[in-house]
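Peer 1: any chance you could fold what I've pasted below:
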Amino acid sequence: MKNGHSHSNGKAVKNGKNGANGSGGGHDGFVLPTTTGIRTIHTPSVRETFAGKHLLVTGVTGFLGKVWLGMLLDHVEDVRKVTVVIRGKKGEDATARFARIVERNPAFRPLRAKYGLGLRQLVADKIHVVEAKLTAPMCGLSCEEARALTSDVDCVVHFAGLTDFEPEPQQAIDANIHGARHVADLAALTPTKRYVHVSTTFVAGMRQGAIDEKLERGVSPTGIRFDPEAELKELELGLKTGNSKKERLDYAMGRARALGWPNVYTYTKALSEHLLEGRTDVVTTTFRPAIVECARSYPFQGWNEGINTSGPLVWLLSTAFQRFPAKASLCFDIVPVDTVARSMMVVVAAALRDEAESIYQCASGDLNPLFFERATDLCSIALRRLAEKKDEGWFETNVIARLDAQCLDDVDREQILGFRRMREAARATRNFLKDFELSRVLPPVVYEKVDGEKMEEKIRSFSMKCRTTDRKLGTVDEMLRQYRPFIWDHDYRFRTGHLKAASERLSEEERALFGFDVEDICWRQYWLHVQVPGLDTWCLPLLRGEKVPEDEPLALGEAPTEEVPADGVRAKKSAADPADSVEKSEPAMRATA
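Peer 2: Residues are numbered from 1 along each chain as shown. Purely as a prediction, here's the structure:
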C-alpha cells in the first residue's frame, strides 16, 4: 500500500475501483446488516467533500475553467482554498489578469450579482494566484517553491491545453504533453497524489461506434501497438528536421494518421493520456468532454466564448450557403458548458474521496443523441427567427433567412451555392470592382445625372464586402477541412455510464446542482433559445470582425443583486479576453483541454 491506494501491476488504483460488493466503480455508500434491519452508510455529499479542501487548478482563464471555478465558488462556499496557476500577459501579471477576469468576464456574473464588491474579499480569502509557466519543468517553480505550494494540496485539477487542430506541432507537444506532465509532477508532490486531467473524447481517433470509458496503454485507435515514450521522442526528433511549419505539420500529421489520430490535437492529447497511464507516482482521473457549447443556465443562458466548433457552421448557414457539409446520420455530440462543469464537480469530488473511476466521458450521444440532420433543420428555424427580430433588411429577412439548409449527400461534390463557388464569385467580383471607376465608363452628363460619386462609394463599399466575404469563406473552408473527421468520416457513441452512475448516487438536492443532465435536454428548445442566440451574441460577431461584450468593472459601493442578468444589460462593447491556449483557440473541435 502507498498513500492509501492499492496497486496492481505497478499502476496506482483508486479505492473505489472495487466496491464492497466486488463490482467496479466507486459508490456513495454501502449497505450493512444490523439487528434491526438494513442500514445504509453514506459518504459525504459533493459540498461536504469539498469542504475544507485545498485545490490546485490550471486553465481557469479558459472557457470551461472559468465556468467551473465560478460554479465552485458559488455552490461550495466551504472550500478552503483554490490555488490557480496561470501565466501573466504583456503588461499584466498573473494576479492583475485574474482580478480583471473575475471582475469583468461574463462567466463570473453570478458571483458579482451574489457578492457585489464583497467578491473581492471572497477572492482574497479563497484564491491564491501563482504565476507559472506550465511548459517548463515544475511549471517554472524551484523545487522549494513547488514543495511549499503543494504541501497541503488535496487535489490537482488540470484544465489547460492547446486545442488548435493543426498548430505548430512543438507548441501542441509543449502544452498538451509536457504541460500535463509538469502539472502531474506537482501532483506527485502533494500528500495524496490526486490528479484530475481534462482530455477529450476525440482521443478515440479514427474509429466508429461505441467508445468505452477505458484506455489500453500503448494501443492506438487502429490497434497498432506502440511505445508512448519512444513515439514522443521520435516525434520531437523528427520535428527538428523541418525547415517550415508546413514541413513540421506534415511530419506530425503523418505520424498521427499512421496510428489512427486525424490531427495534431487528438494525437498529442492521446499521447498525454498514454504517458500519464504509465505513471505510478500519481493517481490520475481522466475527464473527457465532447464538444463544449453554450450554457443552458450557468453562468446564464447562452453564454459562450470565442470561436468554437458550431459557430462557423451556424454562420455559414446564415448566408446564402445552405448546404451543410456534414453527414445527416452522424451524431453531433455537443454538451452545454454548465453540464460539463457540473460533471467535473462530481468527478473531482469522487477523486477527493479516492473512489473515482480512471476515466469519465462527458457526452450527449450515448443518452440523448442529436443528429446533424436535426441540428441543420433547427439552425434554419433559429436563424429565421433571429433575422425577423433584427430586421436586417428585406433580402436577408425574406430570402436568405427563408432558405432551408440541408446536409450534403456528397461532401466532395461542389454545390451550385456551395461555399467554394461563393468564394470564387466573391473574389472575382472584388477583383473586377477594386479598380473600377464609373467616371471612365459613363459620359459626364450621365455620371452627374445618376450621382456618380455616390454610386462609386456604394461600389467601393460592395467591393470591400466581397473581399471580407472571400476571407471569411477561406477561413470556413479551412475549418471544414479540419472538422471533416468529426462531421463526416466518423460516427462516435461515447459511453457515459460512469457519470450517469455517479449522478444517480447524488441526493435529489445535489443532483439539481451537479447532476449529469444531458437526458433532460430538449434539443429543439436548446438550439432555438440557447445555442443559436448564444452564438449570435458571443461567437458570430468575431467571425464578422466585430467585438463582443465585456462587463463593466465592479463599481464602488455596488451592492449584490437578487438576479443575474441573462443578457448584455451591464455590458459594453470592448474586446473579449482571449483564453490561455486553453479550450478556445480556433479552429478547434472544442473539448476543452
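Peer 1: what about the protein, any weak spots by pLDDT?
Peer 2: The chain contains residues with pLDDT under 70 at 1-43, 319-323, 391-404, 409-423, 476, 555-593.
Peer 1: looking at it, which helix is longest?
Peer 2: helix 452-484 (DSSP state H).
Peer 1: which of the residues in that one are buried?
Peer 2: Within helix 452-484, the residues scored as buried using 16 or more other CB atoms under 10 Å are 452, 459, 463, 466-467, 469-470, 472-473, 476, 479-480, 482-484. All C-beta spots, glycine's among them, are computed from the backbone N, C-alpha and C.
Peer 1: ok, now stretch 204-215?
Peer 2: 204-206, 211, 213, 215.
Peer 1: quick one: end-to-end length of it, please.
Peer 2: 10 Å (CA to CA, to the nearest Å).
Peer 1: the closest residue to D517 other than its chain neighbours: what's it in contact with?
Peer 2: Of all residues not flanking D517 in the chain, T339 sits nearest, at 5.8 Å (CB to CB, 6 or more residues apart in numbering). Residues near T339 by CB atoms under 8 Å, 6 or more residues apart in numbering: 296, 362, 516-518, 521.
Peer 1: hmm, what's the outermost residue in this protein?
Peer 2: V445 (60.3 Å; CA atoms, centre = their mean).
Peer 1: so K214: helix, strand or coil?
Peer 2: When classified by DSSP: H, G, I helix; E, B strand; the rest coil, K214 comes out as coil.
Peer 1: number the residues from 47 up from this point.
Peer 2: Shifting the count to begin at 47 puts that one at K260.
Peer 1: for it, list the residues it contacts.
Peer 2: Applying CB under 8 Å, 6+ apart to K260 gives the contacts 404-405.
Peer 1: could you check how far it is from T268?
Peer 2: In this view, K260 and T268 are 17 Å apart by CB to CB, to the nearest Å.
Peer 1: just R430 next, same as before
Peer 2: Taking CB to CB, one finds R430 at 43 Å from T268.
Peer 1: try R342
Peer 2: 36 Å.
Peer 1: what's the nearest residue to P579 if we skip its chain neighbours?
Peer 2: Closest residue to P579 apart from its sequence neighbours, by CB to CB, 6+ apart: G348 at 5.5 Å.
Peer 1: my guess is the one you found contacts V383, does it?
Peer 2: No: using CB atoms under 8 Å, G348 makes no contact with V383, being 10.5 Å away.
Peer 1: between those two, who's got more neighbours?
Peer 2: Applying other CB atoms under 10 Å to G348 and V383 shows that V383 carries more neighbours, namely 28 against 21.
Peer 1: just to check, that one is in contact with G116?
Peer 2: No: contact criterion CB under 8 Å: V383 and G116 do not qualify, at 10.8 Å.
Peer 1: quick one, strands of the stretch 497-639 of the chain?
Peer 2: Assigned by DSSP state E, counting those that start in this stretch, the strands in the stretch 497-639 of the chain fall at 538-540, 595-597, 617-619.
Peer 1: so which helix or strand takes in Q407?
Peer 2: strand 405-408 (DSSP states H and E).
Peer 1: distance between stretch 341-356 and the chain's centre?
Peer 2: 10 Å (CA atoms, centre = their mean, to the nearest Å).
Peer 1: cool, and stretch 488-501?
Peer 2: Centre to centre, stretch against its chain (CA atoms, centre = their mean), the figure for stretch 488-501 is 54 Å.
Peer 1: do the same with stretch 259-267
Peer 2: Taking mean C-alpha positions (CA atoms, centre = their mean), stretch 259-267 and its chain are 23 Å apart.
Peer 1: end to end on that stretch, go ahead and measure it.
Peer 2: End-to-end distance for stretch 259-267, by CA to CA: 14 Å.
Peer 1: so who does Q254 touch?
Peer 2: By CB under 8 Å, 6+ apart, the contact set of Q254 is 536-538.
Peer 1: among the residues you listed, which one sits closest to F418?
Peer 2: D537 (10.0 Å; CB to CB).
Peer 1: just give the closest residue to the closest one, not the sequence neighbours.
Peer 2: L376 (4.9 Å).
Peer 1: that neighbour: neighbour count?
Peer 2: Neighbour count for L376, taken as other CB under 10 Å: 21.
Peer 1: so it sits against L416, correct?
Peer 2: No: using CB under 8 Å, L376 makes no contact with L416, being 10.2 Å away.
Peer 1: count of neighbours near Q571?
Peer 2: Using other CB under 10 Å, Q571 has 12 neighbouring residues.
Peer 1: ok, now how distant is it from W584?
Peer 2: 19 Å.
Peer 1: coming back round to it: which of the contacts of Q254 lies closest to E191?
Peer 2: Checking these one by one against E191 (CB to CB), the nearest turns out to be Y538, at 41.9 Å.
Peer 1: list the contacts of the residue lying closest to L235 once chain neighbours are set aside.
Peer 2: Leaving aside its sequence neighbours, L235 sits nearest to T196 (CB to CB, 6+ apart; 4.3 Å). Counting by CB under 8 Å, 6+ apart, T196 makes contact with 102, 202, 232-233, 235-236.
Peer 1: redo those as JSON lines? Include secondary structure and neighbour count.
Peer 2: Formatted as JSON lines, these follow (DSSP: H, G, I helix; E, B strand; the rest coil; neighbours: other CB atoms under 10 Å):
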{"residue": "L102", "secondary structure": "strand", "neighbour count": "24"}
{"residue": "V202", "secondary structure": "strand", "neighbour count": "29"}
{"residue": "L232", "secondary structure": "helix", "neighbour count": "26"}
{"residue": "A233", "secondary structure": "helix", "neighbour count": "25"}
{"residue": "L235", "secondary structure": "helix", "neighbour count": "19"}
{"residue": "T236", "secondary structure": "coil", "neighbour count": "22"}
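Peer 1: redo those as JSON lines? Include distance to L285.
Peer 2: JSON lines is the format used below for the contacts of T196 (distance: CB to CB, whole Å):
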{"residue": "L102", "distance to L285": "31"}
{"residue": "V202", "distance to L285": "29"}
{"residue": "L232", "distance to L285": "26"}
{"residue": "A233", "distance to L285": "28"}
{"residue": "L235", "distance to L285": "30"}
{"residue": "T236", "distance to L285": "33"}
